[in-house]
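Participant: the following comprises the amino acid sequence and a computationally predicted model.
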Amino acid sequence: MTTSNIAVPTAETPSMDTHSPSLDTHLSPSSLDTLFSDLQPPLTDRQAAIESARCLYCYDAPCIKACPTGINIPSFIASLHAGNVEGAARTILESNIMGGSCARVCPTEILCEQSCVRNKEAECAPVLIGRLQRYATDHASFTGHPFKRAEASGKTIAVIGAGPAGLSCAHRLAMLGHEVEVFEAEDKAGGLNEYGIARYKLTDNYAQQEVDFILGIGGITVHSGKALGRDIQLDTLVTEFDAVFLAIGLQATRQLQLDQEHHSAVMDAVDYIKTLRQASDLSELVVPQSAVVIGAGNTAIDIACQLKRLGAEEVTLVYRRGEQDMGATHHEQQIAKQHQVRIRTWSRPETIHVDENGHLTGMTFRRTELQQNHLVDTHLSEQIACEAIFKAVGQTLSLPEADDVELPVIQNGKIHVDEHFKTSMDKVFAGGDCTGIGQDLTVEAVQQGKLAALAIHQSLCQKTA
Amino acid sequence: MADLSTEFAGIKSPNPFWLASAPPTDKQYNVERAFEAGWGGVVWKTLGEDPAAVNVSSRYSATYDGFGNVAGFNNIELITDRTLEVNLREIEAVKKSWPDRALVVSLMVPCEEESWKKIVKQVEQTGADGLELNFGCPHGMPERGMGAAVGQVPEYVEMVTRWCKQYSTLPVIVKLTPNITDIRFSARAAHRGNADAVSLINTINSITGIDLDNMVARPIVDGKSTHGGYCGPAVKPIALNMVSEIARDPETKGLPISGIGGISNWRDAAEFISLGAGCVQVCTAAMIYGFRIVSEMKDGLSRWMDSKGYETLTDFQGLAIANTTDWKYLNMNYKVVASIDDEKCIGCGRCYIGCEDTSHQAIKAIAQTDGSNKFEVIEAECVGCNLCQITCPVENCITMVKQDSDKPYMNWTQDPRNPYRDAG
Ligand SMILES: Cc1cc2nc3c(=O)[nH]c(=O)nc-3n(C[C@H](O)[C@H](O)[C@H](O)COP(=O)(O)OP(=O)(O)OC[C@H]3O[C@@H](n4cnc5c(N)ncnc54)[C@H](O)[C@@H]3O)c2cc1C
Ligand SMILES: Cc1cc2nc3c(=O)[nH]c(=O)nc-3n(C[C@H](O)[C@H](O)[C@H](O)COP(=O)(O)O)c2cc1C
Ligand code: SF4
Ligand code: SF4
Ligand code: SF4
């Protein structure tokens, strides 16, 4: 990424939300790292003991139904409360092998915690399921891997993409006794856990630790730096393997279709986050003093807050509709507000301004409004001065094409699968963000990977029988 | 405001809240702090013969509720470990400076007439208001033939009480041990010995828990342990029952009772008084929270009394005794059934699973379209056991509703289903 004409921040930097200590006048590497410490600190032993006592151990618990992976929440919390941390962690991992990262990145406020009956009870506050889940997975110390592999099946499956969907699928397949070969385009496995999630949500190299843990079951070989379409082709995989699972996520980003969009100070949020997550020394990152973020999803919130933590003075998030239409959950919006991110709604990006020296200076927005439920432009416009623009307007699938290779059918821009995660192609399955099912969330990807593994297993057994 | 002043076995105090004989009352310093905080009286930590007892380290342990609050407390402490001389001097000084407060002195000496004769005289000279005979200490002392070893033998209780009454003009309160099968026998013995009152309960033999890593019970003294005496909120139900047994027993009816065991707030105190106690004693709550809790106790009790129109403690003292009876006199024709308030129900399903697995399958879970459940009582199956009401986490969500019955009161002695019912 070229960042030549983005200004490096100066000394003065505002203090952040209540979670983080305020910056000193100089952005030393250590103070920056503290700003990227956990968004939510882990529970202490005592906090976990007290919080776990709040769970009512519901019968047919609504929280279980609200968890995409169906973790037996009352059971794991009861184990935790009885001091059985390993048992609690195993209960979690049985349903969700990435229970550790999900505990950190899941929007629990719209999942399990939203449905907790404690919300309706006089305490009006859910059991902090996510944070208890993190406590359990953090503190469990298993001797060896918690799951045993079934007897070898003699089948080998290719998994393309080592993100949450791919790894979850690989793990479950390995558990069922199959051999798995994972092909990953990037150098590191982990997918967006490694390259995309906000740095303050997954700290301390957690993504890689979790990958190592998952691979600990055995029977999984990861080939990194191997991209489908470039290094390997689907037609050969289909002949060499008993089944193929596509879990390639969404790689392309949507564009604004504006002049000057290719200016070096107009960036894809995901690219910048990737750089940020991979940086070993945060103080070497180039940070704009003022930035505009376009979008209204969690990615937009993530980039805006991280820019603030890095020292950007003014960050304005611009969205063409109202707050209630934003993709980011209310909780995420609150985090943005705590970071003093300015949120500008009802504004559509119109023009990118670059001065005679080639420096980006700002952006003009057209004010919008609803007329008979249609979003229309008004005659008002507004200019926001900034040094950089970050696009967070969504990712799209880019299935690598090759002339003579058959590819699965695409529907609405994503890989089409049936209820058994099977694509239009024989032996080829798909799951995670690259398919059109479910929300684009880590936990969804994990669940789809797991279910796809079971479906693949079933299809292989049927063929043998 | 209601009048909290008390006269118990001839001993006056401005309120019924006394500190039980225990570490909080072991010296002048503590007792004066207690009086400053507003306690109506104290029972001085048990005195014995010199040389003074020696204590071990550690001494206490506890059981906790799910939130980490102390539910039960346990100790392996002995009687005072300070000399008799020092204690007597301090008792005298305290009584001089605090004449309006009750100062009772707890005693425990070997089961010999001379020993008791000598010590009651010494105590009398301090100006103390009364004596409490410690027949309850369950650890250490029984091995030496004192404490519970005496309290467990009604003849000894009667004998020692009689000695004390004979050699002292002070009111004698006999403190009973709960480590017996029927508390009435000890109370009757005290009564026969002319005791002015009984106080109960002392601590219950207990092991609070085991350190599973080191395989030793708590509290741990250099890798070993022994049973201790249990007290605190967990013992209140046991104490209340014993108080009611004595209050209802025709032989001891009317014998003044000082209620002890798990009293932590005004409501606990009111419960003891309603079962006949004339004053209450507190130990664990003071040890956990400090002396200041007495102000909430006094305030709460007098406000509650005001709200009920009780002007003095005697206005409600013992009112619950008449409603405590034997099982055989309960009305067989009375029936309640559970009723769930749908508005309040949060859908946790605890009522359902408890009744389904362990009771009478009297609750239906009806799946709703949104994935939740609605819970409904099948009245015909409900036996009115209260289990669902107990397990429901929402206050007043499940109520037990009285069923109309045209049948009159009929107890088990009259019930035709009773094969041994009284003929005629
Ligand atoms: C910036 C950002 C923040 C997010 N924050 C959250 C959050 O806080 N909470 C949450 O629940 N979700 C969040 N998400 C969504 C979540 O990360 C995804 O839903 C999840 O990672 C999807 O998993 P996946 O395995 O389907 O895809 P990915 O995680 O995208 O993994 C796909 C993998 O496939 C590899 N790959 C791609 N193409 C090829 C190829 N041709 N050959 C080989 N390998 C290939 C990729 O390198 C990658 O490793 C966020 C997403 C983004 C973009
Ligand atoms: C540490 C400790 C020491 C005690 N020492 C005595 C004692 O010396 N004499 C006595 O009669 N009771 C003693 N007790 C018992 C208390 O007086 C009281 O009967 C018992 O603790 C129950 O009351 P509670 O539940 O309010 O604590 C002791 C209790 C504790 C906890
Ligand atoms: S809904 Fe809440 S209280 Fe009930 S089991 Fe789940 S976490 Fe516990
Ligand atoms: S009162 Fe007892 S029997 Fe009746 S519904 Fe409740 S638990 Fe079941
Ligand atoms: S226990 Fe109470 S709150 Fe829970 S389902 Fe039953 S009635 Fe509702």
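Facilitator: The structure has been received and is ready for your questions. Residues are numbered from 1 along each chain as shown, chains lettered A, B, ... in the order given. Ligands and ions are numbered 1, 2, ... in the order given.
Participant: tell me how far the spatially closest residue to residue B:386 that is not a sequence neighbour lies from residue B:334.
Facilitator: Using C-beta to C-beta, 6 or more residues apart in numbering or on different chains and skipping the chain neighbours, the partner closest in space to residue B:386 is residue B:400 (6.3 Å). C-beta here means a position set from N, CA and C on the backbone, and glycine is covered the same way. Look at residue B:400 and residue B:334: by C-beta to C-beta, to the nearest Å, they are 11 Å apart.
Participant: neighbour-wise, which of the two wins?
Facilitator: residue B:400 (16 against 13; other C-beta atoms under 10 Å in any protein chain shown).
Participant: give me the phi and psi for the more buried one.
Facilitator: Main-chain dihedrals, residue B:400, degrees, to the nearest 10: phi -100, psi 120.
Participant: that one and residue B:341, how far apart?
Facilitator: For residue B:400, the distance to residue B:341 equals 12 Å [C-beta to C-beta].
Participant: give me the number of residues near the residue in the stretch 151-300 of chain B positioned nearest to ligand 4?
Facilitator: Residue of the stretch 151-300 of chain B nearest ligand 4, by C-beta to the nearest ligand atom: residue B:237 (20.8 Å). Using other C-beta under 10 Å, the number of residues around residue B:237 comes to 11.
Participant: a helix runs through it, doesn't it?
Facilitator: Yes: the assignment for residue B:237 by DSSP: H, G, I helix; E, B strand; the rest coil puts it in a helix.
Participant: what separates it from ligand 3, distance-wise?
Facilitator: Distance, residue B:237 to ligand 3, using C-beta to the nearest ligand atom, to the nearest Å: 28 Å.
Participant: now that residue. Nearest residue, chain neighbours left out?
Facilitator: Leaving out its chain neighbours, the residue that sits closest to residue B:237 by C-beta to C-beta, 6+ apart is residue B:262, at 8.0 Å.
Participant: what do you get for residue B:144?
Facilitator: Closest to residue B:144 by C-beta to C-beta, 6+ apart is residue B:110, at 7.5 Å.
Participant: same check on residue B:1?
Facilitator: residue B:302 (4.9 Å).
Participant: and residue A:38, by the same measure?
Facilitator: Using C-beta to C-beta, 6+ apart, the nearest residue to residue A:38 is residue A:203, at 5.5 Å.
Participant: how far away is that neighbour from ligand 3?
Facilitator: 25 Å.
Participant: which pLDDT does the model give that residue?
Facilitator: Predicted confidence (pLDDT) for residue A:203: 86.
Participant: tally of neighbours for it?
Facilitator: Residue A:203, neighbours per other C-beta under 10 Å, totals 15.
Participant: looking at this, it is in a strand?
Facilitator: No: counting by three-state DSSP, residue A:203 is located in no strand; its state is coil.
Participant: for chain B, which spans come out with low pLDDT?
Facilitator: Scanning chain B for pLDDT under 70 picks out the ranges B:137-142, B:147, B:422-424.
Participant: switch the cut-off to 80
Facilitator: Applying pLDDT under 80 to chain B picks out residues B:136-149, B:422-424.
Participant: near ligand 3, which residues of it are found?
Facilitator: Contact residues (C-beta under 6 Å from any ligand atom) of chain B with ligand 3: residue B:348.
Participant: from the centroid of chain B, which residue is nearest?
Facilitator: residue B:261 (2.6 Å; C-alpha atoms, centre = their mean).
Participant: which residue ranges make up each domain of chain A?
Facilitator: A:2-35+A:252-391, A:45-139, A:156-249+A:397-464 (automatic domain parsing).
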